[in-house]
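Chemist: Provided below are the primary sequence and the corresponding predicted coordinates.
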Amino acid sequence: MIWDDHQSRCIGELSFRSEVRGVRLRRDRIVVVLEQKIFVYNFADLKLLHQIETIANPKGLCAVSHVAGSFVLVCPGLQKGQVRVEHYASKRTKFILAHDSRIACFTLSQDGNLLATSSTKGTLVRIFNTHDGTLIQEVRRGADRAEIYSLAFSPTAHWLAVSSDKGTVHVFSLKVNAENLGSARPSSPPDSNSSVNSPSSSLSFIKGVLPKYFSSEWSVAQFRLIEGSQYIVAFGHQKNTVVILGLDGSFYRCKFDPATGGEMTQLEYHNFLKPDEAF
């Protein structure tokens, strides 16, 4: 059902023979995710524009860009660890073998130029150029396995936030200018003189000898949460702020220092299921 809240009425309805696993919306498109198929509809008249076959996708993984005039869609491919990128403006399809394990989570930057992915291992997050599939950067959440709940780019794509079942939200510094992805050229974030890069292991100088772990890029900032609930994360409208929403009704707004990193500062807390609780 497509509900117009302004008119307070249903303006359309789509029916399927199997369970709907997810829905993604743009101003001009509706994307419906089933277990092994994705349907793309025109929003204005609900005309079916495209069907995509995927590997089994019980979590309904799918991401779309939100910049007008450039529609990019990402979904699981047809094999383990693979993602499919559809650039509808240029009518190009790109397959990226992102991980050896199954894909657990992914997200797009707002313009669709960058893709961040994680696997069921949950130790590494990889950032790709969606145009040519180039691996641009790899960052490490931790050493032990984890279930990644959400990934989020900042509006400028200079930061990436990650939440998992370990109860910690991580913020990573990204090295890529999303506006110049034709060459996938590394660049520094704005105010680079006062920004800290994602820290690497002190043993990175012998990365050719020791395992990849010792040359890993780690998060710049962290925020500790209560374990046991599932959290999703996004960047706030105010600079260097992160918002976190939990299935337990909790809402956090935090601020990180791009110059020094470390533990984020909690600015706000509410629990929508327990109104008496407040920061």
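Modeler: Sure thing, it's come through.
Chemist: just the helices in the stretch 151-279 of the chain please.
Modeler: Counting by DSSP state H, counting those that start in this stretch, one finds no helices in the stretch 151-279 of the chain.
Chemist: so where is the stretch 51-200 of the chain shaky, pLDDT-wise?
Modeler: Within the stretch 51-200 of the chain, the segments meeting pLDDT under 70 span 177-200.
Chemist: show me this protein divided up by domain.
Modeler: Structural domains annotated on the chain: 20-97, 111-126+143-279, as defined by automatic domain parsing.
Chemist: now the ones you listed as JSON lines including distance to E13 and mean neighbour count?
Modeler: Every C-beta, even on glycine, is put in place using the N, C-alpha and C of the backbone. Output for these, formatted as JSON lines (distance: least, C-beta to C-beta, whole Å; neighbours: other C-beta atoms under 10 Å):
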{"stretch": "domain 20-97", "distance to E13": "9", "mean neighbour count": "16"}
{"stretch": "domain 111-126+143-279", "distance to E13": "27", "mean neighbour count": "17"}
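Chemist: start and end of stretch 125-139, how far apart?
Modeler: Distance between the two ends of stretch 125-139: 5 Å, counting by C-alpha to C-alpha, to the nearest Å.
Chemist: in it, what's buried?
Modeler: By neighbour count on 16 or more other C-beta atoms under 10 Å, the buried set for stretch 125-139 is V125, R126, I127, F128, N129, T130, H131, I136, Q137, V139.
Chemist: now for these, which pair is the farthest apart?
Modeler: Farthest-apart pair in these is H131 and V139; separation 20.8 Å (C-beta to C-beta).
Chemist: could I get the contacting residues of the closest residue to D248 other than its chain neighbours?
Modeler: Distances taken as C-beta to C-beta, 6 or more residues apart in numbering put S229 closest to D248, at 4.2 Å, once the chain neighbours are dropped. For S229, the contact set (C-beta atoms under 8 Å, 6 or more residues apart in numbering) comprises G246, L247, D248, S250.
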